[in-house]
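sequence-free structure coming up:
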């Protein structure tokens, strides 16, 4: 299988440092960043239907920049001035630092984990010290976050759907001559089927890569074949798995 052009269904990285760029140079392939899905925020009217009053909460849990953007957007639309006493609990430092877009960064009010998981020991330990807080957890309509670990710690957490994931449709004039698609969520597979209704992996000769068990399952359920799967014991990241596939393909 000759691979010349790869679509990575993620936004293009800022700057020129990305393992995908290194792969493109090493193996002489073209890598195009083009998300198959995008998010759009719920309107204030739509969010009111959840009957959640964001002003009642004293702490917020963030797992992404998108969640941060939509929380502060809705707060503004509801004319809710987020108090300086609000506490923020983020799954990574990168997400925590993004809060600087909206608030003055004070470490005593902002905590973050080291592993990117809700069950991160460091993050949970900090949340345990703040059990009296009432936590709001902004999520998407197709979120997969398991909050059972938070419930086990007897934390008062309310999930609030603030944005939805939708297909990022291809324009008629967009290139579609890809030899490989790389997906990072089941929703990406749904978008593939919508944008390429006549897609046939075998006759089109296209390889497919998927990150995460749910994505791999979605590929299989769609009647497609996952040529690359990550993470595995051998390849912990998608760039690593992609490089190994291209190396093996080069030798074939």
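Alright, I've got the coordinates. This structure is a prediction, so every number in the text was calculated from the model and none was measured. Residues are numbered from 1 along each chain as shown.

Can you show me the strands along this structure?
For the chain, the strands defined by DSSP state E occupy 5-8, 30-33, 37-41, 59-62, 87-90, 110-112, 134-140, 156-167, 180-183, 207-211, 228-230.

what's the fifth one packed up against?
So that's strand 87-90. strand 59-62, strand 110-112, helix 121-128 (3 or more Cβ pairs under 8 Å, 6 or more residues apart in numbering; DSSP states H and E). Bear in mind the C-beta positions are built from the backbone N, C-alpha and C, glycine included.

Export these to TSV and append columns for mean pLDDT and mean neighbour count.
Output for the helices and strands packed on strand 87-90, formatted as TSV (pLDDT from 0 to 100; neighbours: other Cβ atoms under 10 Å):
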stretch	mean pLDDT	mean neighbour count
strand 59-62	97	24
strand 110-112	94	21
helix 121-128	94	16
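
Distance to residue 198 added to the ones you listed, as TSV?
Output for the helices and strands packed on strand 87-90, formatted as TSV (distance: least, Cβ to Cβ, whole Å):
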stretch	distance to residue 198
strand 59-62	40
strand 110-112	45
helix 121-128	46
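
closest one to residue 47 among the strands of the chain?
Among these, strand 156-167 comes nearest to residue 47, with 6.5 Å by Cβ to Cβ.

Run through who's touching the closest one.
When contacts are defined by Cβ atoms under 8 Å, 6 or more residues apart in numbering, strand 156-167 is touched by residues 36-42, 47, 50, 52, 54, 57, 61, 66-67, 70-71, 74, 133-143, 147, 150-151, 185, 187, 190-191, 194-195.

Now the buried members of those.
36-39, 41-42, 47, 52, 54, 57, 61, 66-67, 70-71, 74, 133, 135-140, 143, 147, 150, 185, 187, 190-191 (16 or more other Cβ atoms under 10 Å).

And the helices in the protein, which stretches?
Along the chain, counting by DSSP state H, helices occupy 19-27, 44-48, 65-77, 93-98, 121-128, 148-152, 186-195, 201-204, 213-221, 238-251.

now those as a markdown table including distance to residue 229?
Converted to a markdown table, those look like this (distance: least, Cβ to Cβ, whole Å):
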| stretch | distance to residue 229 |
| --- | --- |
| helix 19-27 | 17 |
| helix 44-48 | 36 |
| helix 65-77 | 26 |
| helix 93-98 | 26 |
| helix 121-128 | 28 |
| helix 148-152 | 26 |
| helix 186-195 | 14 |
| helix 201-204 | 15 |
| helix 213-221 | 5 |
| helix 238-251 | 7 |
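
Residue 228: which of these is closest?
In terms of Cβ to Cβ, the element of the helices of the chain nearest to residue 228 is helix 238-251, at 5.0 Å.

Next, the angle from that closest one to helix 19-27.
The directions of helix 238-251 and helix 19-27 differ by 10 degrees, with axes from the mean of the first three to the mean of the last three Cα atoms, to 10 degrees as the criterion.

name the helices or strands packed onto helix 238-251?
Counting contacts by 3+ Cβ pairs under 8 Å, 6+ apart, helix 238-251 packs against helix 19-27, strand 207-211, strand 228-230.

Run the chain-centre distance for the last one.
For strand 228-230, the distance between its averaged C-alpha position and the chain's averaged C-alpha position is 17 Å (Cα atoms, centre = their mean, to the nearest Å).

Identify the residues contacting residue 62.
The neighbours of residue 62, taking Cβ under 8 Å, 6+ apart as the test, are 68, 71, 88, 89, 90, 91, 95, 96, 99, 138.
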